[in-house]
Structures are given as structure tokens and as C-alpha cells.
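> generate a structure from the sequence data that follows.
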Amino acid sequence: MPEGEGSDYWQIAAVHINGQVFCPSPRLYRNEQVALAQAAQIYDWLADHKPQISGGRCYCSELKLALWHQPKVS
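You can find the predicted model right below:
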């Protein structure tokens, strides 16, 4: 999502995988393509390391960011 109206920067708000929502630590990306590529890397990492996030959050040293599980609101 764009960082703000008229902004040239993008931010990944969340990554959805198998009905679950994971939020990465906030970071700005220079353009949409870079943000989408990073989101794809986060998705792939989550698919390969889901058991590591069972406590709700973890640090991904490979991508140098923190991830946390966002529970569904009833």
C-alpha cells in the first residue's frame, strides 16, 4: 500500500497465508515492484518456517525483519 497520498514510497501492511495474517516490521520501499518482491519473499519464508511463529512473533534474520501473527477480530 502507498505510504501516503502522493507518496513515492510503499509499505507492506500484512501478508496473508492459509487464512492467517502476518505483519512485518514497518519499512518503506522505494516503489511498488520492490515492495511486492519483498512481500513475495516474506510469503515464501512464512510458508517454509510457519512452526517458528507458533508463539505469535519471530525475527527473520534472513530478511532482517520481525513478523507477528495478527489474530482475527471477532
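
> tabulate the CA atom coordinates of the worst-scoring helix or strand of the chain on mean pLDDT in PDB.
Counting by mean pLDDT, DSSP states H and E, the chain has its least confident helix or strand at strand 57-60, which shows a mean of 86. Only the C-alpha atoms of strand 57-60 are listed here, as PDB (Å, rounded to 0.1, in the frame of the first residue of the first chain):
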ATOM      1  CA  ARG A  57       6.000 -13.400  16.600                       C
ATOM      2  CA  CYS A  58       9.500 -14.100  15.500                       C
ATOM      3  CA  TYR A  59      12.600 -12.500  13.900                       C
ATOM      4  CA  CYS A  60      13.500 -13.400  10.400                       C
END
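
> and that strand, which strands flank it?
Paired strands of strand 57-60, with direction, are strand 65-69 (antiparallel) (DSSP bridges).

> so for the partner strand, what gets flagged as buried?
Leu65, Leu67, His69 (16 or more other CB atoms under 10 Å). The way it works is simple: take the backbone N, C-alpha and C, and place the C-beta from them, glycine included.

> same question, stretch 12-23
Neighbour-count burial for stretch 12-23, counted by 16+ other CB under 10 Å, picks out Ile12, Val15, Phe22, Cys23.

> Gln52: which of those residues is nearest?
Phe22 (11.5 Å; CB to CB).

> residue ranges of the strands in this structure, please?
10-11, 15-17, 20-24, 28-29, 57-60, 65-69 (DSSP state E).

> quick one: distance of the fourth one to the chain centre.
So the one you mean is strand 28-29. Distance of strand 28-29 from the chain centroid (CA atoms, centre = their mean, to the nearest Å) equals 12 Å.

> from Trp68, how far out is Val21?
Applying CB to CB, to the nearest Å, the value for Val21 to Trp68 is 10 Å.

> closest one to Ala37 among the strands of the chain?
Set against Ala37 and scored by CB to CB, the strands of the chain come closest in strand 28-29, at 8.7 Å.
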